[in-house]
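> task: produce atomic coordinates for the following.
(one chain, ligands or ions: 1)
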Amino acid sequence: MIIDGKKVAIEIRNAIKARLDQTPNVNITLATVLVGDDPASKLYVGMKHREANAAGLRSKNIELPADTSQAQLEQQIETLAKDDSVHGILVQLPLPGELDKDRVLARIPPEKDVDGLTDVNMGRLVQGQKQLVPCTPLGVMRLIDAYKIETSGKTAVVVGRSALVGLPQFLLLAERGVDATVTIAHSRSPDLAATCKTADILVCAAGSPAMITAEHVKPGAMVFDVGVSRTDQGIQGDVDFASVSKVAGGITPMPGGTGPMTVACLLENTVLAARLQGALKV
Ligand code: NAP
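Numbers count the residues shown, from 1 in each chain. Sure, this is the predicted structure:
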């Protein structure tokens with residue numbers, strides 16, 4: 001089974017559009033902040049704006065030069081934080097040079113933190129009181145829901161332990177009501193293949209091209225490929241699709257899997273942020 005992230009992402013976007021069409025007087029705005037001119041980051045930001053606008057959201061793109069100082073960047077975030085017409089703030093990562101991402105994220109009010117990366121939103125997730133959750137692991141959970149993949153009583157393995165993907169994915173799979181038994185693996189894990197092979201649900205977020213092969217995958221497992229690497233052969237996921245698709249029960253393609261879901265969940269988070277700020281009542 002191909003787990004079609006593109007299709008589910010379009011369904012989410014259309015559902016948001018339908019909902020916003022019923023409240024024509026409400027304008028919800030997503031602001032992105034892009035520092036420098038990294039082509040991949042520009043591409044991602046462009047995609048987020050296109051999808052936001054297609055869903056009926058407004059968007060504002062702040063582009064700053066690569067030599068922007070820490071103070072200037074933090075000042076820009078403060079301005080957006082105070083702007084009542086802006087409901088979501090996303091700082092495109094990674095930041096260039098010496099800019100300190102943690103100090104920048106700390107300036108985003110938690111209720112406008114549509115990437116779910118501030119300490120408050122991370123803390124809420126850990127405490128089982130989630131509000132705004134990081135978009136990529138949320139996207140995987142939406143795919144699990146959309147394809148009615150059983151999680152309770154199942155074994156899940158997450159490869160990668162970053163705050164952006166791996167750790168929140170671990171928490172979302174382990175939370176009450178989802179109830180998977182979750183292992184988190186990383187670059188120091190011994191015998192990764194044996195660990196991965198225990199998984200009914202395998203989420204790969206390492207950024208190491210085609211590192212997951214058939215020998216890592218339990219027959220029938222659901223495999224979610226999050227990693228994105230730019231190689232001489234083009235964009236490559238963490239999963240060797242050709243071999244893994246022969247043993248997996250379900251697999252996300254790359255592209256067209258977790259990437260579009262990340263953007264769709266950013267739109268969902270922006271709508272939720274507007275609700276948290278009282279701008280949207282329903
Ligand atoms: P990151 O901060 O570099 O974290 C990578 C994690 O993977 C680390 O925990 C690392 O272990 C682990 N790892 C790396 N190589 C490994 C290996 N060979 N075996 C086992 N574990 C390994 O990256 P990230 O921000 O989490 O992103 C992960 C990947 O997802 C990247 O390719 C990124 O581009 C992609 N991504 C995709 C989307 C999407 O929408 N599809 C969104 C965000 C990110 P250590 O902790 O031991 O170093």
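
> alpha carbons only: can I get stretch 43-55 in CSV?
Coordinates of each C-alpha in stretch 43-55 appear next as CSV, following Å, rounded to 0.1, in the frame of the first residue of the first chain:
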residue,chain,number,x,y,z
LEU,A,43,11.5,26.5,-2.1
TYR,A,44,10.0,25.3,1.2
VAL,A,45,8.8,28.8,2.1
GLY,A,46,7.3,29.4,-1.4
MET,A,47,5.4,26.1,-1.1
LYS,A,48,4.0,27.0,2.4
HIS,A,49,2.7,30.3,1.0
ARG,A,50,1.1,28.7,-2.0
GLU,A,51,-0.7,26.1,0.1
ALA,A,52,-1.7,28.7,2.7
ASN,A,53,-3.3,30.9,0.0
ALA,A,54,-5.0,27.9,-1.6
ALA,A,55,-6.5,27.0,1.8
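
> what stretches of this structure score poorly on pLDDT?
282 (pLDDT under 70).

> hey, where'd the helices end up in the protein?
Taking DSSP state H as the criterion, the chain contains helices spanning 5-21, 39-54, 70-82, 101-105, 119-126, 135-146, 166-174, 192-196, 241-247, 258-276.

> who are the packing partners of the first one?
So the one you mean is helix 5-21. Under the contact definition 3 or more Cβ pairs under 8 Å, 6 or more residues apart in numbering; DSSP states H and E, helix 5-21 sits against helix 39-54, helix 135-146, helix 258-276. All C-beta spots, glycine's among them, are computed from the backbone N, C-alpha and C.

> let's see that with 7 Å instead.
If you count contacts as 3 or more Cβ pairs under 7 Å, 6 or more residues apart in numbering; DSSP states H and E, helix 5-21 packs onto helix 135-146, helix 258-276.

> let me have those helices in JSON lines, extended by mean neighbour count and distance to G46.
Shown next, in JSON lines, are those (neighbours: other Cβ atoms under 10 Å; distance: least, Cβ to Cβ, whole Å):
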{"stretch": "helix 135-146", "mean neighbour count": "24", "distance to G46": "16"}
{"stretch": "helix 258-276", "mean neighbour count": "24", "distance to G46": "11"}
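
> next up, the contacts around L64.
The contact partners of L64, by Cβ atoms under 7 Å, 6 or more residues apart in numbering, come to 33, 35, 73, 76.

> meant to ask about K42, not that
By Cβ under 7 Å, 6+ apart, the contact set of K42 is L34.

> which residues of the chain lie near the ligand?
136, 159-162, 164-166, 185-188, 192, 205-208, 211, 226-229, 258-259, 262 (Cβ under 6 Å from any ligand atom).

> just the buried residues of those residues.
In terms of neighbour count (16 or more other Cβ atoms under 10 Å), the buried residues within the residues of the chain next to the ligand are 136, 159-161, 164-166, 185, 192, 205-207, 211, 226-229, 258-259, 262.

> in strands, which of those appear?
Among those, DSSP state E puts 159, 185, 229 in strands.

> what's the closest of those to P24?
Taking Cβ to Cβ as the measure, P24 lies nearest S229 of these, at 42.8 Å.

> show the backbone phi and psi for the residue lying closest to the closest one once chain neighbours are set aside.
Excluding its sequence neighbours, the residue lying closest to S229 (Cβ to Cβ, 6 or more residues apart in numbering) is P209, at 4.2 Å. With angles defined as degrees, to the nearest 10, P209 sits at phi -60, psi 130.

> then the one 4 residues further on?
For T213, the backbone dihedrals are phi -110, psi -180 (criterion: degrees, to the nearest 10).

> what about it, neighbour count?
As a burial measure, T213 scores 15 neighbours (other Cβ atoms under 10 Å).

> tell me who's in contact with it.
Neighbours of T213 in contact, by Cβ under 7 Å, 6+ apart: 240, 243-244.

> Provide a list of residues in contact with G166.
By Cβ under 7 Å, 6+ apart, the neighbours of G166 are 158, 160, 184, 205.

> how about the third one, what does it touch?
Contact analysis of I184 by Cβ under 7 Å, 6+ apart lists 158, 161, 166, 170.

> I'd like the residues you listed laid out as TSV, including distance to V271.
Compiled in TSV, the contacts of I184 are given as follows (distance: Cβ to Cβ, whole Å):
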residue	distance to V271
V158	27
R161	29
G166	26
F170	26
